[in-house]
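Asker: mind folding the following:
(one chain, ligands or ions: 2)
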Amino acid sequence: MATEAPPRIVSRDVTKVYETLRGPVAGLMDFSLDVGDGEFVCVVGPSGCGKSTYLRMLAGLDRPTSGTIEIRPGDDPGKPLNSVVFQEYAVFPWKTVIENVAFGLEMRGRSKAERTERAEYWLERVGLRKFAGHYPHQISGGMKQRVSIIRALANDPEVLLMDEPLGALDAQTRIVLQDELLRIWEETRKTVVYITHSLDEAILLGDRVILMSAHPGRLLETYRIDLERPRTIDTMNLPEFGELRGRIWARLAGEVSRAMEQQE
Ligand SMILES: Nc1ncnc2c1ncn2[C@@H]1O[C@H](COP(=O)(O)OP(=O)(O)OP(=O)(O)O)[C@@H](O)[C@H]1O
Ligand SMILES: [Mg+2]
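Answerer: Ligands and ions are numbered 1, 2, ... in the order given. Down below sits the predicted model:
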């Protein structure tokens with residue numbers, strides 16, 4: 001998305017080298033990416049190329065070996081810089097659904113009334129209000145992942161970081177949640193960095209698709225996705241969609257083969 005404001009995320013020449021017993025392993029190489037305010041950026045690339053490595057550093061869970069990553073704070077100091085959603089249902093089993101959703105707000109000392117109001121709003125949005133008092137083991141995988149996603153949204157972070165958030169779900173549930181994500185994002189216009197193995201998902205959701213090379217991951221190509229919004233699952237049937245998929249896949253396929261050869 002073209003924007004006048006300075007980028008929300010600036011990453012410059014980011015390299016990550018892991019020291020292992022077998023010697024150094026490059027997790028990411030000279031990776032530079034700016035993400036605009038309110039932009040939805042999807043990152044795709046073969047397994048092991050460094051997508052999670054990048055996201056963990058964005059989240060501040062790990063540090064680059066060299067290079068810099070910055071998330072520009074917003075005007076509201078009460079807002080967290082980022083919230084992360086991982087592939088595994090990262091919910092607390094000993095907390096109820098509503099307590100899970102309100103967790104970030106609780107950590108930041110928000111009043112019980114505000115926590116409940118915000119959590120109920122998000123539960124309603126994704127059809128989980130009836131399950132507010134349930135524990136995670138009493139709900140399905142798709143529901144748990146909804147809980148993880150709205151917990152991040154309830155935090156109202158400057159940047160939402162998602163690492164294959166729908167990767168563990170069955171195909172039908174995944175489609176329903178893609179549709180939900182589209183609707184929510186089109187209302188909130190949060191800055192999002194979204195990692196996925198699904199090229200269709202990346203094109204459907206993103207303003208831009210970033211293609212990474214096989215290990216050690218570098219930025220290979222950037223594709224602007226100008227498909228009209230609001231988008232829905234039906235957007236995938238547009239000829240432009242198919243054209244984009246063909247163009248990106250032609251490039252991605254070679255990297256996937258390279259990554260597989262490396263494993264042999
Ligand atoms: N903690 C670690 N210690 C050593 N090497 C690591 C560590 N984490 C990741 N790596 C290596 O860094 C490279 C990038 O890993 P990363 O998990 O970022 O890949 P990815 O793109 O997220 O892969 P996938 O699509 O399978 O999730 C891989 O070669 C991996 O083996
Ligand atoms: Mg990963």
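Asker: make it CA atoms for all contacts and neighbour counts henceforth
Answerer: Will do.
Asker: what count of nearby residues applies to the nearest residue to Arg183 once chain neighbours are set aside?
Answerer: Nearest in space to Arg183, with sequence neighbours left out and distances taken as C-alpha to C-alpha, 6 or more residues apart in numbering, is Pro230 at 7.7 Å. Burial of Pro230 is recorded as 11 neighbouring residues (other C-alpha atoms under 10 Å).
Asker: so Pro230 is in which element?
Answerer: Using DSSP states H and E, Pro230 falls within no helix or strand.
Asker: correct me if wrong: it contacts Ile184.
Answerer: No - using C-alpha atoms under 8 Å, Pro230 is not in contact with Ile184; the gap is 10.7 Å.
Asker: next one: Thr3, what pLDDT does it get?
Answerer: Confidence at Thr3, expressed as pLDDT, is 48.
Asker: go on, Tyr89?
Answerer: Model confidence at Tyr89, expressed as pLDDT, equals 72.
Asker: could you find the closest non-adjacent residue to it?
Answerer: In this structure, Tyr89 finds its nearest non-sequential neighbour in Gln145, 5.6 Å apart by C-alpha to C-alpha, 6+ apart.
Asker: swap in Asp62?
Answerer: Distances taken as C-alpha to C-alpha, 6+ apart place Arg56 nearest to Asp62, at 5.8 Å, with adjacent residues excluded.
Asker: next: Val35.
Answerer: Spatial nearest neighbour of Val35, chain neighbours left out: Ile9 (4.9 Å); criterion: C-alpha to C-alpha, 6+ apart.
Asker: what distance do you get for Glu114 to Tyr121?
Answerer: Noted for Glu114: a distance of 11 Å to Tyr121, by C-alpha to C-alpha, to the nearest Å.
Asker: try Met212
Answerer: From Met212 to Tyr121 the distance is 37 Å (C-alpha to C-alpha).
Asker: of these two, who's got more company?
Answerer: Taking other C-alpha under 10 Å, Met212 and Tyr121 do not tie; Met212 has more neighbours (24 against 15).
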